[in-house]
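Asker: sequence unavailable; structure follows:
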Ligand SMILES: Nc1nc2c(c(=O)[nH]1)N[C@@H](CN(C=O)c1ccc(C(=O)N[C@@H](CCC(=O)O)C(=O)O)cc1)CN2
């Protein structure tokens, strides 16, 4: 292997340390509520990981594990309760959801200020407008990883393979906001190899094992593997592989591995987002408390601004 390995765990640890320091400066530890529906073992394992890490960095967390038969109305009722609870700073609904529940209806119901996944349309819109507040965790984690390892993004040609709402689309916005020239390729892209060979930064997020082969990569490129594919080996034993063929390491300049690359960044970024949500909520609360304490000043300021406009 000639490529430099961009390891996720030490970078995730740095992001978590920063989140822990920021959390300790808040009046109360940020509180994350995670909702999981059904019995998917992978989802259960991710949720356990999120909750455990939250505790390690001094955050509070609660997990609501709802049965597979939960109706959309029941889930929306729980989200409504959590939205109204001032002691809840972040709400996350683990995906995927069972078929009787419409994902969009649920994600749209979460208060955008508590939307630590960054999936609410308001947060998506802010991201595309270049004013991100709460950004989806995997894409934000990838940006942090690139920055940490000093991979230049401004001016780079970035190609993302995959157009999911979880990764491809928000990552395109983040890379664009960081001044990369961005192409999003997908299952209908013609001559995928010709497109991917253009990339200085190639991100594989298609969910297809070994999709990216060495001849599809420009020599020296940075390759980020977001695939999480569980496959069986010859002995029938399950293991995890990414979307990038291992031989790509001979061509790429730098690359992430699966496991041990982007995955740990997702969880670290979630907790950083939870702290960010709590910081924004406390700042908004302090502002409104100040306004309540000095109503005359507030009114005068407002009138002053209006007066300027009229004149
Ligand atoms: N509401 C959300 N649902 C889902 C998200 C999400 O960001 N928000 N992302 C994925 C799953 N996911 C977190 O939820 C996740 C995936 C992978 C990892 C990770 O650390 N992977 C490790 C390997 C772990 C293993 O061996 O199984 C790695 O890549 O090194 C963390 C979180 C879908 N749902």
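Answerer: Perfect, thanks for sending it. Quick caveat, the model's predicted, so the values are computed rather than measured.

Asker: for the stretch 101-250 of the chain, which residues are neighbours of the ligand?
Answerer: Contacts of the stretch 101-250 of the chain with the ligand, taken as Cβ under 6 Å from any ligand atom, map to 117, 137, 138, 166, 228, 240. Just so you know, the C-beta spots here come from the backbone N, C-alpha and C atoms, and that holds for glycine as well.

Asker: let me see the backbone angles for the fourth one.
Answerer: Spelled out, it's residue 166. Dihedral angles of residue 166 (phi, psi; degrees, to the nearest 10) stand at phi -80, psi -40.

Asker: report the contact partners of it.
Answerer: Applying Cβ atoms under 8 Å, 6 or more residues apart in numbering, we find residue 166 in contact with 95, 119, 136, 138.

Asker: please redo it, this time with the cut-off set to 10 Å
Answerer: 95, 117, 118, 119, 136, 137, 138, 139, 205, 226, 266 (Cβ atoms under 10 Å, 6 or more residues apart in numbering).

Asker: on that earlier part again, out of the residues of the stretch 101-250 of the chain next to the ligand, which end up buried?
Answerer: Neighbour counting by 16 or more other Cβ atoms under 10 Å classes 117, 137, 138, 166, 228 among these as buried.

Asker: tell me which two in these are the farthest apart.
Answerer: Across those, the longest distance by Cβ to Cβ is 16.6 Å; it joins 117 and 228.

Asker: neighbours of residue 75, how many?
Answerer: Other residues near residue 75 come to 23 when the count uses other Cβ atoms under 10 Å.

Asker: for it, what is the enclosing helix or strand?
Answerer: In the assignment (DSSP states H and E), residue 75 maps to helix 72-84.

Asker: before we move on, what about residue 48?
Answerer: Per DSSP H and E: helix 41-56 holds residue 48.

Asker: any idea how many residues pack against whichever residue of the chain sits closest to the ligand?
Answerer: Closest residue of the chain to the ligand, Cβ to the nearest ligand atom: residue 263 (2.2 Å). Residue 263: 23 surrounding residues under other Cβ under 10 Å.

Asker: now do residue 83
Answerer: By the criterion of other Cβ under 10 Å, residue 83 has 15 neighbours.

Asker: what sits against the nearest residue to it once chain neighbours are set aside?
Answerer: Once flanking residues are discounted, residue 83 sits nearest to residue 111: 4.3 Å by Cβ to Cβ, 6 or more residues apart in numbering. Contact analysis of residue 111 by Cβ under 10 Å, 6+ apart lists 79, 80, 82, 83, 84, 88, 90, 91, 120, 122, 277, 281.

Asker: mind listing what's buried along the helix or strand where residue 176 lies?
Answerer: Using DSSP H and E, residue 176 sits in helix 168-177. Under the neighbour-count criterion of 16+ other Cβ under 10 Å, helix 168-177 has 168, 169, 170, 171, 172, 173, 174, 175, 177 buried.

Asker: thinking again about what came up before, neighbour-wise, which of the contacts of residue 166 leads?
Answerer: That'd be residue 226 among the contacts of residue 166, by other Cβ under 10 Å, with 31 neighbours.

Asker: from residue 80, how far out is residue 98?
Answerer: Separation of residue 98 from residue 80 (Cβ to Cβ, to the nearest Å): 20 Å.
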